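Enquirer: Predicted model, plus sequence, below.
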Amino acid sequence: MTLLLEQMLNGLQFGVMLFLLAAGLTLVFGVMGLINLAHSSLYMIGAFGAAWAGSRGVAFPLALLAGAGSAALTGLVIEVVVLKRLYARDHMDQVLATFGMILFFNEAMAMLFGRQPLMAAVPGFLSGSVELIPRVPYPIYRLAIIAVGIAVAGLLYYLISHTRAGMLVRAGATHREMVRALGVDIGLLTSGVFALGAALAGLAGAMTGPLLSVQVGMGDRILITTFVVIVVGGIGSVRGALAGSLLVGMVDTLARAFLPGVLKSVMVATEADAIGAGLSSMAIFILMAAVLLIRPRGLFPSHG
Amino acid sequence: MTLTRRAALAAAATLAAPALVRAQGPALKIGMITTLSGPGGYLGQDIRDAFALAIESGAFGAAKIDLVVEDDGLKPAQAKQIANRFIKTDGIKLFTGVVFSNILEAVAPDILEEGGLYVSPNAGPSSLAGKNCHRNYFVVSWQNDSLHESAGQNATALGYKKMYLLAPNYPAGKDAITGFKRFFKGEIVGEGYTRLDQTDYAPEMAQIRAANPEAVFQFHPGGLGIAFLRQYQQAGLVGKIPMVLAAPSLDATTLAAVGDIALGMDVTSHWNTDLDTAANKAFVAGFMKKFNRVPTYYASQGYDTALAMAAGLKGGASVEAIRGALLKADFSSVRGKFRFGANQHPVQDWYGLRVERAPDGKLALVTKGKILSDHGDAYAAQCKI
């Protein structure tokens, strides 16, 4: 029972991390209609930015800010220089261009920092563990990630539902031409949304740094999972991104933890291990297929 | 317009090519398909750098070597494309470089069917070591299982009775578990498979804690191992449940990255920086001087592979002649004693290492003793060459 609770906590933490990535990706798609594969590069840049700042003796919260900031800045630059030209183009062109950017940024980071993984230390005040569940020490740092994720979700909700900028974002997502006709500077809006999404991806990368190793190409794999999240949640909807990430995080973690065990009770151990491992890595895709079967536009479709 | 320009370029290229070759002399091309990006990126980098170091330090004598390196990105399909381009377009016959077994399983058949020669500096999957062995396929590193057989032997020697096993779900991961079990005499209280592209191991940590073994054996090469060890510490398991590892889960780069977490951990390897042979001293010093980092065992294998190929090239120019000379393994391996077994995989000694603090305060892998002598692998008997 405690094991189940602990695994659910792990699932929640993974889900929160996915949300930070998915929120930016889904906003950019919702408002600009852009498929941005280079989102994973922004995640990587955030991780490198924070690790680099941390290695220079910068305090942890400031290092996080440096990570998010460097990602936002990079995001702003690629938005103005490259992506603005792509909004009106076909999705295939966007995929091609942003995939090219992944290759570019991977090589650029390898040149700047080398291929040896960088280390970001867990800050002193967040190291160690607490027994949230009796006799199961849980890392404080992972709890902190959950807290930051929930805070960001709250902030985004306020920003989008209760501010003028948020209103424009919502309007831009559904009636882009009308917003333009009303004299809103769409260029400024898209740049702002893109930078925000980039900052969130950077923050996710910066916070992941102390858990995993910071290295070239670290975002490539999580990108696929992030796309699963926004498809499950409904492309373009931040609410959907939240629901999708928590669902995907939970399903992925629980399947990995318990599926092999469950299979072992019904078949030979060696076969159960092999099938269990395969099946648990397919779990989120099976979830996606199931959701799309019932709700073809995702859980919270944003467009009418 | 474009058509004529392309035609003109092609014509120019055809005319220029022979002259270019004459000007440079007959440089022999060696194709290196290796992993330079992602969590396994530094593995390929060390192999490539050490191979280049061997060329630079004159291992190949007067022969001019053109080392052509391509990154497979840990994607079998990409590796196959590179192999085909090397074979068909560049006419390369000699290959090396592959780090991961799933990549090697994809490219080795292509290379061998086209009459090429492959010398592995790392991956040695069981699928290519037994019935499907090939006369033009050599492994200089180890057969995957034997790497982990040494860890199983070590765990038995250290007196552990209940172990938890964990490895990624890919050919080398399965070989790891098989190899460990073959030499471990105690009980296995739990085993699990992770994903090769997974870097968050929180669920596995919880499973390990729940199973409460005496020790853990885990196989996670490169950046995966770094993430695993750090999270093992964050989960409060370091110091509670010891680890018995094989070389890939704790190499020099991993050690530099995780620091004190690894203090006191037991590792088995066929090579270490402190092995007392003249060839090894020269290699370690040369590598540290040129690249300013401690060589991993991947680097030692890249270096040995270059030496082995150089020894092969002394036999002649044809693949068959090179193969014959290569089989004799007439080179001073940095690990000391070295020969090829019946399936052209190494027969070598295995050592137990432990992470200790050196007098200068830095952590180092220190050789503690021999675990296995003249150890081949379990598949050699099935191989008929």
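Expert: Sure, I can see it.

Enquirer: So for the helix or strand where residue A:198 lies, what gets flagged as buried?
Expert: According to DSSP states H and E, residue A:198 maps onto helix A:186-208. Going by neighbour count (16 or more other Cβ atoms under 10 Å in any protein chain shown), the buried part of helix A:186-208 is A:186, A:189-208. (Each C-beta comes from the backbone N, C-alpha and C, glycine too.)

Enquirer: Check the secondary structure at the closest residue to chain A within the stretch 101-250 of chain B for me.
Expert: Ranked by Cβ to the nearest Cβ, the top residue of the stretch 101-250 of chain B for proximity to chain A is residue B:193, at 3.7 Å. Under DSSP: H, G, I helix; E, B strand; the rest coil, the three-state class of residue B:193 is strand.

Enquirer: pretty sure it is in contact with residue A:281, am I right?
Expert: No: judged on Cβ atoms under 8 Å, residue B:193 makes no contact with residue A:281 at a distance of 9.3 Å.

Enquirer: Between those two, which has more neighbouring residues?
Expert: Remark: of residue B:193 and residue A:281, residue B:193 carries more neighbours, 25 against 20, as counted by other Cβ atoms under 10 Å in any protein chain shown.

Enquirer: okay, that one: pLDDT?
Expert: Looking at residue B:193, its pLDDT reads 88.

Enquirer: before we move on, what about the one 3 residues further on?
Expert: Residue B:196 is assigned a pLDDT of 82 by the prediction.

Enquirer: same check, this time on residue A:161
Expert: The model reports residue A:161 with a pLDDT of 88.

Enquirer: How about the residues of the stretch 1-150 of chain A by chain B?
Expert: A:3, A:6-7, A:10, A:13-14, A:106, A:110, A:115-117, A:119, A:122, A:127, A:129, A:136-137, A:139, A:141-142 (Cβ under 8 Å from any Cβ of the partner chain).

Enquirer: out of those, which are buried?
Expert: Neighbour counting by 16+ other Cβ under 10 Å classes A:3, A:6-7, A:10, A:13-14, A:106, A:110, A:115-117, A:119, A:122, A:129, A:136-137, A:139, A:141-142 among these as buried.

Enquirer: So which of these sit within strands?
Expert: Counted as lying in strands by DSSP state E, out of those, are A:129, A:136, A:137, A:139.

Enquirer: Mind picking the two most distant members of these?
Expert: A:136 and A:139 (11.0 Å; Cβ to Cβ).

Enquirer: picking that back up, give me the packing partners of the next helix or strand after the helix holding residue A:198, helices and strands only.
Expert: Counting by DSSP H and E, the next helix or strand C-terminal to helix A:186-208 is helix A:219-233. Counting contacts by 3 or more Cβ pairs under 8 Å, 6 or more residues apart in numbering or on different chains; DSSP states H and E, helix A:219-233 packs against helix A:2-32, helix A:39-55, helix A:238-264, helix A:269-294.

Enquirer: Direction-wise, compare helix A:219-233 with helix A:269-294 and give the angle.
Expert: 50 degrees (axes from the mean of the first three to the mean of the last three Cα atoms, to 10 degrees).

Enquirer: list the buried ones in helix A:219-233?
Expert: Quick answer for helix A:219-233 (16+ other Cβ under 10 Å): A:219-223, A:225-233.

Enquirer: Identify the farthest-apart pair in these.
Expert: Maximum pairwise distance in the buried residues of helix A:219-233, criterion Cβ to Cβ, is 21.3 Å, between A:220 and A:233.

Enquirer: low-scoring pLDDT stretches of the chain, where are they?
Expert: Since no chain was named, I'll use chain A. Counting by pLDDT under 70, chain A shows low-confidence ranges at A:303-304.

Enquirer: actually chain B
Expert: In the predicted model, chain B carries pLDDT under 70 at residues B:1-25.

Enquirer: Might you enumerate the residues of it proximal to chain A?
Expert: Residues of chain B lying near chain A (Cβ under 8 Å from any Cβ): B:36-39, B:41-42, B:45, B:73, B:169, B:174, B:191-195, B:197, B:199-200, B:202-204, B:206-207, B:209-210, B:223, B:226-227, B:230-231, B:234-236, B:253, B:257, B:293.

Enquirer: among the helices and strands packed on helix A:219-233, which is the most enclosed?
Expert: Using mean count of other Cβ atoms under 10 Å in any protein chain shown, the stretch among the helices and strands packed on helix A:219-233 with the greatest mean number of neighbours is helix A:39-55 (a mean of 27).

Enquirer: And that helix, how far out from the chain middle?
Expert: Distance of helix A:39-55 from its chain centroid, counting by Cα atoms, centre = their mean, to the nearest Å, is 14 Å.

Enquirer: tell me what that helix is packed against?
Expert: For helix A:39-55, the elements it packs on are helix A:2-32, helix A:60-81, helix A:91-113, helix A:186-208, helix A:219-233, judged by 3+ Cβ pairs under 8 Å, 6+ apart.

Enquirer: Packing partners of the third one?
Expert: In terms of contacts (3+ Cβ pairs under 8 Å, 6+ apart), helix A:91-113 is packed against helix A:39-55.

Enquirer: Tell me which residues touch residue 71, please.
Expert: Answering for chain A, as no chain was given. Going by Cβ atoms under 8 Å, 6 or more residues apart in numbering or on different chains, residue A:71 touches A:42, A:43, A:45, A:46, A:49, A:198, A:199, A:201, A:202, A:203, A:205.

Enquirer: Wait, chain B was what I had in mind.
Expert: Contacts here follow Cβ under 8 Å, 6+ apart; on that basis residue B:71 touches B:34, B:35, B:36, B:37, B:44.

Enquirer: Next, give phi and psi for it.
Expert: Residue B:71 adopts backbone torsions of phi -90, psi 120, taken as degrees, to the nearest 10.

Enquirer: Who does it form a beta bridge with?
Expert: With beta bridges defined as DSSP bridges, residue B:71 has these partners: residue B:34.

Enquirer: so how far is residue B:44 from it?
Expert: Noted for residue B:71: a distance of 7 Å to residue B:44, by Cβ to Cβ, to the nearest Å.

Enquirer: what sits in contact with each of these two?
Expert: With contacts defined as Cβ under 8 Å, 6+ apart, the residues adjacent to both residue B:71 and residue B:44 are B:34, B:35, B:36.

Enquirer: between those residues, which has the most around it?
Expert: Using other Cβ under 10 Å as the neighbour test, those are led by residue B:34, with 29 neighbours.

Enquirer: For that residue, give me its contacts.
Expert: By Cβ under 8 Å, 6+ apart, the neighbours of residue B:34 are B:44, B:47, B:48, B:69, B:70, B:71, B:72, B:97, B:98, B:99.

Enquirer: Which single one of the residues you listed is nearest to chain A?
Expert: Taking these together and measuring to chain A by Cβ to the nearest Cβ, the closest member is residue B:44, at 8.3 Å.

Enquirer: Which residue, other than its chain neighbours, is closest to the closest one?
Expert: Spatially, and ignoring its direct neighbours in sequence, residue B:44 is nearest to residue B:34 (3.6 Å; Cβ to Cβ, 6 or more residues apart in numbering or on different chains).

Enquirer: What distance do you get for that neighbour to chain A?
Expert: For residue B:34, the distance to chain A (Cβ to the nearest Cβ, to the nearest Å) stands at 11 Å.

Enquirer: what's near enough to touch residue B:48?
Expert: Shown in contact with residue B:48 (Cβ under 8 Å, 6+ apart): B:32, B:34, B:36, B:67, B:69, B:97, B:302.
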